[in-house]
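> any chance you can model this:
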Amino acid sequence: MHKVEESQIIAALQTVMEPDLKKDLVSLGMIQDIRIDEQNKVSFSVVLTTPACPMKNHIRQACIDAIRTYAPLADDLEVNMTSKVTSGCGHHGEEKERPLKGVKNIIAVASGKGGVGKSTIAVNLAVSLAETGAKVGLIDADLYGPSIPTMFGIYDAKPEVVNKNLVPVEKYGVKLMSIGFLIETDTAIIWRGPMASSAIKQFITEVEWGDLDYLIFDLPPGTGDIQLTLVQTIPLTGAVIVTTPQDVALADVAKAVSMFRKVHVPILGLVENMSYYELPDGSKDYIFGKSGGEKFAKAQGIAFLGSIPIGREVREGGDSGTPFVIANPGTVTAAALARSAQEVARQISMTNAGMSTGSEHSCSSGCCH
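Numbering: from 1, shown residues only. Below is the predicted model of the structure:
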């Protein structure tokens, strides 16, 4: 029996391109642990840049096809798809001491105005990423209207204090921190900007986040003190913008896009929430207008991360304390939310590789790889 050589397998896999990074898997260091036994059984691992990679099955099949073509004597192929989430320098570059050193990627979820379902998107984004196996944290940075305790069904939880630091509450595989865990739920927070900014800094520096692949900030609406504190304090990987299709929302979201660009935070893309209502006969009612968010993203040169339908079950999920993707798996809306999470992870990987997302320029060469 002719023996299959490792060099043949490597040569075959050098023909397989990573769809986004436009380089072959071998050059990117994504191929590991090649093993060939006496019967020419071949096994190896493909290390993806995120467990939420939407192209996972495509890449796996491309590897199999390449080996069948260029190393036909290889028998009984075993392709192990694994992942190691990449990290980047963030929008600060390398000029600042980085807090949260165990956190690979920090994402702001923002909107220009309230009422667009930003927290719903942030919660389901966090849970969807956690369901892929990623280590995820979520900070409820909307200090004046904290919703994370309600949306996760955690009403009486109080974070423990260990070595003078708060330990996040955890549910559905997501580490959580909210001002709602620290005050009575019916207590109004009457703080001026500096006090709110100080609270956000404490959530960053006085919470034991540990090692995370993604830490998501659910920001308050608008472009105020909390947003500016965040971008000045920590290096953000990028921002996800949430809008609804109607013009009044898009007018405000343009301000959010402008703010992030002015402070050099990459915009990972835009999610259009409440895109349409699906009628019993399967047709779609575009209650707030059709494709406004998608058209806005194209005009602004930023990635479009997906359209999320409107439905009673989404609202009920937020009120009941069970995120929609947990309570309603297999539905059209759950699939749309999961695809948006995959797209966010994809854009993060591209940003960390030093590529542009849409027309947004990511961190400079030499810092990311």
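> so which residues of this protein form helices?
Here the chain has its helices, by DSSP state H, at 6-13, 56-70, 118-131, 148-151, 193-205, 225-233, 247-262, 292-300, 312-320, 324-327, 332-352.
> so for F44, which of those sits nearest?
Closest approach to F44 among these is made by helix 6-13 (6.9 Å; C-beta to C-beta). Placement of C-beta: from N, CA and C, glycine included.
> residues of that closest one that come out buried?
Residues of helix 6-13 classed as buried: 8-9, 12-13 (neighbour count, 16 or more other C-beta atoms under 10 Å).
> redo those as CSV? Include pLDDT.
Formatted as CSV, the buried residues of helix 6-13 follow (pLDDT from 0 to 100):
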residue, pLDDT
Q8, 95
I9, 95
A12, 96
L13, 96
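> which parts of the stretch 101-250 of the chain are strands?
103-110, 136-140, 161-162, 165-166, 169-171, 174-178, 212-218, 238-243 (DSSP state E, counting those that start in this stretch).
> just the ones you listed: most buried one?
Of all the strands of the stretch 101-250 of the chain, strand 238-243 has the most neighbours on average by mean count of other C-beta atoms under 10 Å, namely a mean of 29.
> what does it contact?
Strand 238-243 has contacts (C-beta atoms under 8 Å, 6 or more residues apart in numbering) with 91, 107-112, 116-118, 121, 125, 249-250, 253, 256-257, 260, 265-273, 292-293, 296, 302, 305, 344, 347-348, 351, 357, 360, 362.
> direction included, what does it pair up with?
Sheet partners assigned to strand 238-243 using DSSP bridges are listed as strand 103-110 (parallel), strand 267-272 (parallel).
> contact partners of the longest one?
Same thing as strand 103-110. Against strand 103-110 from outside (C-beta under 8 Å, 6+ apart): 85-88, 90, 100, 118, 121-122, 125, 137, 209, 211-219, 227, 230-231, 234-242, 256, 260, 265, 268, 344, 348, 352.
> the shortest one too?
Contacts with strand 267-272, where a contact means C-beta under 8 Å, 6+ apart, come from 107, 121, 237-245, 253, 257, 260-261, 291-294, 296-297, 300, 302-308, 340, 343-344, 347-348, 351, 357-358, 360.
> make it 7 Å
The contact list for strand 267-272 (C-beta atoms under 7 Å, 6 or more residues apart in numbering) reads 107, 121, 238-243, 245, 257, 260, 293-294, 296-297, 302-308, 340, 343-344, 347-348, 351, 357-358, 360.
> surely A71 is in contact with E6?
No - A71 is beyond contact range of E6, at 9.9 Å (criterion: C-beta atoms under 7 Å).
> pLDDT below threshold where in the chain?
Within the chain, the stretches with pLDDT under 70 are 1, 89-98, 144, 183-197, 222-224, 315-317, 355-369.
> kindly state the domain boundaries assigned to it.
Structural domains assigned to the chain are 6-83, 103-352, following automatic domain parsing.
> which of those sits most buried?
Ranked by mean neighbour count under mean count of other C-beta under 10 Å, the domains of the chain are led by domain 103-352, which reaches a mean of 20.
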